[in-house]
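S.K.: Quick one, what's the 3D model for this:
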Amino acid sequence: MRCVIARFPFELTKGGVLESMKGVKPEPVSGESVTIGRRHYPVKQVGQVLTGQDRRDFSAAEVTRAMAQLGFTCRSAPGAEPAPVGVLSSLQRASAMLGAPAPASATA
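M.R.: Now for the predicted structure:
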């Protein structure tokens, strides 16, 4: 599959990714991750191994998109899930404590 990462074209295959990541020890995952084989790798680590580019040159989204298209399981950053419905954010909670604004009185 042809994909573009950091404005450079790459020809990636699932087998090629598996071969490239063979023997690579996964770093601790703190953000988005991809499951390759039985291991979970940070997407930035995978991108660096596959492209040979510095991690600052590409986004995690570019690598995640390519890995998902190849059929790998990708996970978003822990805690990136949206808040459940009905749970107020701290700003909403503070606003509710202050109450609704008073209607403007017409003085003339």
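
S.K.: Next up, the contacts around Arg65.
M.R.: When the contact criterion is Cβ atoms under 8 Å, 6 or more residues apart in numbering, the partners of Arg65 are Cys3. Placement of C-beta: from N, CA and C, glycine included.

S.K.: Which element is encountered next along the chain beyond the helix or strand hosting it?
M.R.: Arg65 is part of helix 60-69 when elements are defined by DSSP states H and E. Next along the chain after helix 60-69, taking DSSP H and E as the criterion, comes strand 73-75.

S.K.: mind listing what's buried in that next one?
M.R.: Neighbour counts over strand 73-75 (16 or more other Cβ atoms under 10 Å) mark Cys74 as buried.

S.K.: what ranges of this structure fall below the confidence cut-off?
M.R.: Residues of the chain meeting the criterion pLDDT under 70: 78-86, 88, 100-108.

S.K.: quick one: the helices in it?
M.R.: Taking DSSP state H to define them, one finds helices in the chain at 14-21, 43-51, 60-69, 90-98.

S.K.: same for the first one, what does it pack against?
M.R.: Spelled out, it's helix 14-21. Using 3 or more Cβ pairs under 8 Å, 6 or more residues apart in numbering; DSSP states H and E, the elements in contact with helix 14-21 are strand 33-36, helix 43-51.

S.K.: Contact partners for Gly37?
M.R.: Gly37 touches 18, 21, counting by Cβ under 8 Å, 6+ apart.

S.K.: Quick check: it vs Gly15, distance?
M.R.: Summarising the geometry, the distance separating Gly37 from Gly15, computed by Cβ to Cβ, to the nearest Å, is 12 Å.
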